[in-house]
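>>> got a structure for you, letters missing:
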């Protein structure tokens, strides 16, 4: 949005200070939305950005669907490129931007079969400790300037909900136990598990 550079799409426009989203007429009338680059990045803005991203994703998908229809009208109905699994030794890595951050897949193949496969998840990266240069991990960086709006009378009543909200605003998959120390050395421990990963 800031660079005003975007791959061609008929429904999304980067302005340099915002993204204009042109929702075409369907069962509803055509509508325009504009996401403006926030002056401050915080939990609220990250969640607001996610709401705009839903429409952005739908418009990109719809644009690709129309491109597909145009190709089909021209008789171009290929759906895949022929591929043969290599039989020699190979090492590869794949990078992806997941909903909560940076994701990598590391693979090793030999004779056409996987012999090693590892994933480094965004939560692993987000929860990292300070590096050798003193750079904080994403969780620590996010909570350092988070205003604590929770009201409480005694340290033991403090839940740390604002800290949880800050972390969950960009990493909703992280079930976490947080240890919070108050000035009088009172330890507050809260366990929050809302990812739903273990629901059967």
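Yes, it's here. Note that the structure is predicted; figures quoted are calculated from it, not measured. Residues are numbered from 1 along each chain as shown.
>>> break this structure down into its domains, please.
Listed domain ranges for the chain are 12-73, 141-200 (source: automatic domain parsing).
>>> mind putting these in CSV, mean pLDDT, mean neighbour count and distance to residue 109 included?
Any C-beta I mention is one placed from the backbone N, CA and C, and that applies to glycine too. Converted to CSV, those look like this (pLDDT from 0 to 100; neighbours: other Cβ atoms under 10 Å; distance: least, Cβ to Cβ, whole Å):
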stretch, mean pLDDT, mean neighbour count, distance to residue 109
domain 12-73, 92, 13, 31
domain 141-200, 69, 13, 29
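>>> right, and residue 100 touches residue 167 too?
No. If you go by Cβ atoms under 8 Å, residue 100 and residue 167 don't touch, sitting 10.0 Å apart.
>>> still on that earlier bit, may I see the domains of the chain organised as JSON lines, with distance to residue 116 added?
As requested, the domains of the chain are arranged in JSON lines below (distance: least, Cβ to Cβ, whole Å):
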{"stretch": "domain 12-73", "distance to residue 116": "33"}
{"stretch": "domain 141-200", "distance to residue 116": "24"}
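>>> what's the lengthiest helix in the chain packed up against?
Across the chain, the longest stretch assigned as helix under DSSP state H is helix 43-73. Packing contacts for helix 43-73, counted by 3 or more Cβ pairs under 8 Å, 6 or more residues apart in numbering; DSSP states H and E, involve strand 12-14, strand 18-23, strand 31-36, helix 161-168.
>>> ok and the last one relative to helix 43-73, angle-wise?
Put plainly, it is helix 161-168. 20 degrees (axes from the mean of the first three to the mean of the last three Cα atoms, to 10 degrees).
>>> chain center to helix 161-168, what's the gap?
Taking Cα atoms, centre = their mean, to the nearest Å, one finds the center of helix 161-168 at 16 Å from the center of the full chain.
>>> any idea how far residue 141 is from the residue most central in space within the chain?
Geometric centre of the chain, nearest residue: residue 99, 2.4 Å, by Cα atoms, centre = their mean. According to Cβ to Cβ, to the nearest Å, residue 99 and residue 141 sit 19 Å apart.
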